[in-house]
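# here's a sequence, model it:
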Amino acid sequence: MEAGTLAACAEFAQRRDRRSQAKTSRRDHRGCRRNRRYPRQSYNRPIPLCTRCPVNDSGLAVPVSELTRRVRVSLEREFPLLWVAGEVSNLTRAASGHVYFSLKDESAQVRCVMFRSRAQGVPWRLENGQQVEVRALPSLYEARGEFQLTVEAMRRAGLGRLFEAFARLKQRLETEGLFAAERKRPLPEYPRAIGIVTSPRAAALDDVVAAVRRRAPHVPLILYPTLVQGDAAGEAIAAAVAAVGKRAECDVVLIVRGGGSMEDLWAFNEEIVARALAACPVTTISGVGHESDFTIADFVADHRAATPTAAAEQATQGWYEARGHVAKLSTALARNAGYRLRSAQQRLDSLSLQLVHPTARLQRAHGTLDLVSSRLESLRAAGFSARRARIDGLALRLIRETPQIEGRLGHLRLLSQRMETALREQSAHRRQRLAALGDGLHHLNPESILGRGFAIVRDTAGKVLVDTNELVAGDAISLQFAGAEVEATVNSIRPAQPGLHPN
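Reported below is the predicted structural model:
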């Protein structure tokens, strides 16, 4: 248990004690005549004061019940919940489940009561003569006026010192880094051999062997015998763990032990065991005690299991899953093989139905051949008849379409004469038109115009001049006549006189 956990438990107990005291004080103060919120009928007699009020010095007698109540309240207020050590004696178990006993030492004893709800939480069988430590509330049983302890919790004597030693060692090893996650090694997926560090007579060994045989029966187990309880158990466990590393026979080692009290499991809380586990080169699994038990070995080991059986299950997890996977594959293979076999059988049955004797097949083929022959003969005869009828029809159409040669030749001669006549007339007409066009071209010929006394005037660039505005005195010009070309210079430009025309 960690130091922080112990402190939290102590703080919780203190808060619970304060709540219990406040509740008891409020309950006892209800009858006080000075508490107006909770008046009580007096039946014509004085109402005594509670322990929170001044002492009753009026001279009136106090009933025994009031006295015992006030004593009980004083005890419970003065002595809160505390741990008391002693030896159990006069143990009695009531039918209701409550436990009554005396707690004594060399010089005194006190009656104790532990109610059923609390007694059920004691993890061992309580017997006379046992040395225990009880967390109890001092009180007074008013019915008999007896001083007693109301027990809330119980532990074996010396357990508190063991817890303190456990917390100190855990804190020191954690500071050194022995619990660090970085140094934890993963579990081998398929260990070839599994080592077991435990007592040969321990029930945990039987549990581990049964679990491994159930999940991975082919994996060999190697036992490293050791003590698991007693003063020499720590050194024996450390030596067994060291032997695991030296012999290098297994891939994972289980450090296991069955459940027990903290004293029974103390060997796994010793520093020598923690150091041996940290130095072990083989992956370690701690399976000490039950699920609620924690030891130093659990924190130092590479992996922690709640029980020895759980440790064996962790070590064989890979083989177990592989076994299940192989089983699934085997089932699927058998299912597929059966399916394919059934399909092949069905196909074979279908083919066997199609298998026919050769004689029967020949007879069937012969009958088919006769049928095809008769159909072919029928088709041939029908085809010949159809083709003959078509040829006859075509012959009739050919006769009807044959032209009359005599009539066509006479018509052809007539058309030839008409064409020759048309050609002659058209040729004469074309010659006449051609002559007319020739005359027109002759009249339009520039040389014919020049022959009548005209001339073509050009400038030095050869451009034909048609307007005197394009000339000035002194320009060089050329004059083209019918038979020659003359170069000239413009001396002057005069307007044309009306009525003068060239001959």
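# tell me where the stretch 401-503 of the chain is predicted with low confidence.
403-404, 447, 497-503 (pLDDT under 70).
# pLDDT weak spots in this protein?
Counting by pLDDT under 70, the ranges of the chain that qualify are 1-59, 158-161, 403-404, 447, 497-503.
# show me where the protein has its strands.
Counting by DSSP state E, the chain has strands at residues 82-93, 99-104, 109-114, 131-141, 146-156, 194-198, 221-225, 252-257, 283-288, 303-304, 456-459, 476-480, 485-489.
# any idea how far the third one is from the chain center?
Here strand 109-114 is found 60 Å from its chain centre; the criterion is Cα atoms, centre = their mean, to the nearest Å.
# would CSV of the strands of the chain with mean neighbour count be doable?
Using the backbone N, CA and C atoms, a C-beta is placed for each residue, glycine as well. Converted to CSV, the strands of the chain look like this (neighbours: other Cβ atoms under 10 Å):
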stretch, mean neighbour count
strand 82-93, 15
strand 99-104, 19
strand 109-114, 18
strand 131-141, 18
strand 146-156, 18
strand 194-198, 27
strand 221-225, 17
strand 252-257, 29
strand 283-288, 26
strand 303-304, 19
strand 456-459, 15
strand 476-480, 14
strand 485-489, 10
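# dump those strands to JSON lines, plus distance to I399.
Converted to JSON lines, the strands of the chain look like this (distance: least, Cβ to Cβ, whole Å):
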{"stretch": "strand 82-93", "distance to I399": "142"}
{"stretch": "strand 99-104", "distance to I399": "142"}
{"stretch": "strand 109-114", "distance to I399": "142"}
{"stretch": "strand 131-141", "distance to I399": "142"}
{"stretch": "strand 146-156", "distance to I399": "138"}
{"stretch": "strand 194-198", "distance to I399": "115"}
{"stretch": "strand 221-225", "distance to I399": "117"}
{"stretch": "strand 252-257", "distance to I399": "115"}
{"stretch": "strand 283-288", "distance to I399": "115"}
{"stretch": "strand 303-304", "distance to I399": "116"}
{"stretch": "strand 456-459", "distance to I399": "80"}
{"stretch": "strand 476-480", "distance to I399": "81"}
{"stretch": "strand 485-489", "distance to I399": "84"}
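# wait, which of those strands is closest to S330?
S330 lies closest, by Cβ to Cβ, to one member of those: strand 194-198, at 25.1 Å.
# between that closest one and strand 221-225, how many degrees?
Relative orientation of strand 194-198 versus strand 221-225 (axes from the mean of the first three to the mean of the last three Cα atoms, to 10 degrees): 20 degrees.
# name the residues that touch strand 194-198?
Contact partners of strand 194-198, identified using Cβ atoms under 8 Å, 6 or more residues apart in numbering, comprise 204-205, 208, 212, 219-226, 228, 237, 240-241, 244, 249-257, 282, 308, 312, 315-316.
# circling back to that earlier point, closest to L371 out of the strands of the chain?
L371 lies closest, by Cβ to Cβ, to one member of the strands of the chain: strand 194-198, at 82.4 Å.
# what lines up beside the closest one in the sheet?
With DSSP bridges as the test, strand 194-198 is paired with strand 221-225 (parallel), strand 252-257 (parallel).
# chain center to it: distance?
Using Cα atoms, centre = their mean, the offset of strand 194-198 from its chain centre is 37 Å.
# next: stretch 253-271.
With Cα atoms, centre = their mean as the basis, stretch 253-271 stands 40 Å off its chain's centre.
# with stretch 383-391 instead?
Using Cα atoms, centre = their mean, the offset of stretch 383-391 from its chain centre is 82 Å.
# surely A136 is in contact with F79?
No - if you go by Cβ atoms under 8 Å, A136 and F79 don't touch, sitting 9.4 Å apart.
# now F101: closest residue in space, sequence neighbours ignored.
Spatially, and ignoring its direct neighbours in sequence, F101 is nearest to L91 (4.3 Å; Cβ to Cβ, 6 or more residues apart in numbering).
# contact partners for that neighbour?
L91 sits next to V99, Y100, F101, L126, E127, N128 when contact means Cβ under 8 Å, 6+ apart.
# ok, so of these, who is nearest G287?
Proximity of the contacts of L91 to G287 was ranked by Cβ to Cβ; the top entry is L126 with 28.7 Å.
# tell me the spacing between that closest one and A108.
To A108, L126 is 20 Å away according to Cβ to Cβ, to the nearest Å.
# who has more neighbours out of those two?
Comparing L126 with A108 by other Cβ atoms under 10 Å, the one with more neighbours is L126, at 15 against 8.
# next, count neighbours for R364.
Neighbours of R364 using other Cβ under 10 Å come to 11.
# now A216
Neighbour count for A216, taken as other Cβ under 10 Å: 22.
# who wins for proximity to A233 among the strands of the chain?
So among these, strand 252-257 is nearest, using Cβ to Cβ, at 9.4 Å.
# what lies in contact with the closest one?
Contacts for strand 252-257 (Cβ under 8 Å, 6+ apart): 187-188, 191, 194-199, 202, 204-205, 207-208, 224, 228-229, 237, 241, 244, 265, 268, 277, 280, 282-289, 297, 301, 308, 311-312, 315.
# now do that strand: distance to the chain's middle.
In terms of Cα atoms, centre = their mean, the centre of strand 252-257 is found 34 Å from the chain centre.
# do stretch 421-431 as well
For stretch 421-431, the distance to the chain centre is 106 Å (Cα atoms, centre = their mean).
# can I get the CA coordinates of stretch 188-198 in PDB?
What follows is stretch 188-198, C-alpha atoms only, in PDB (Å, rounded to 0.1, in the frame of the first residue of the first chain):
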ATOM      1  CA  PRO A 188       6.700 -13.300 -25.800                       C
ATOM      2  CA  GLU A 189       3.900 -14.100 -28.200                       C
ATOM      3  CA  TYR A 190       4.800 -17.800 -28.500                       C
ATOM      4  CA  PRO A 191       7.000 -18.900 -25.600                       C
ATOM      5  CA  ARG A 192       8.900 -22.100 -26.200                       C
ATOM      6  CA  ALA A 193       9.100 -22.900 -22.500                       C
ATOM      7  CA  ILE A 194       7.600 -21.500 -19.400                       C
ATOM      8  CA  GLY A 195       9.300 -21.300 -16.000                       C
ATOM      9  CA  ILE A 196       7.500 -21.500 -12.700                       C
ATOM     10  CA  VAL A 197       9.000 -20.100  -9.400                       C
ATOM     11  CA  THR A 198       7.000 -21.500  -6.500                       C
END
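# my guess is S492 contacts A473. True?
Yes - using Cβ under 8 Å, S492 makes contact with A473 at a distance of 5.6 Å.
# more neighbours, the two?
A473 (9 against 6).
# how near is that one to E487?
From A473 to E487 the distance is 16 Å (Cβ to Cβ).
# could you pull out the helices in the stretch 351-500 of the chain for me?
Counting by DSSP state H, counting those that start in this stretch, the stretch 351-500 of the chain has helices at residues 358-401, 405-444, 446-450.
# now the second one, how far from the chain's geometric center?
On the basis of Cα atoms, centre = their mean, helix 405-444 is displaced by 105 Å from the centre of the chain it belongs to.
# cool, stretch 395-408 as well?
On the basis of Cα atoms, centre = their mean, stretch 395-408 sits 96 Å off its chain's mean C-alpha point.
# first vs last residue of it, how far apart are they?
22 Å (Cα to Cα, to the nearest Å).
# for it, list every residue counted as buried.
By neighbour count on 16 or more other Cβ atoms under 10 Å, the buried set for stretch 395-408 is empty.
# please begin residue numbering at 212 from this point
In the new count, where the first residue is 212, that last one comes out as stretch 606-619.
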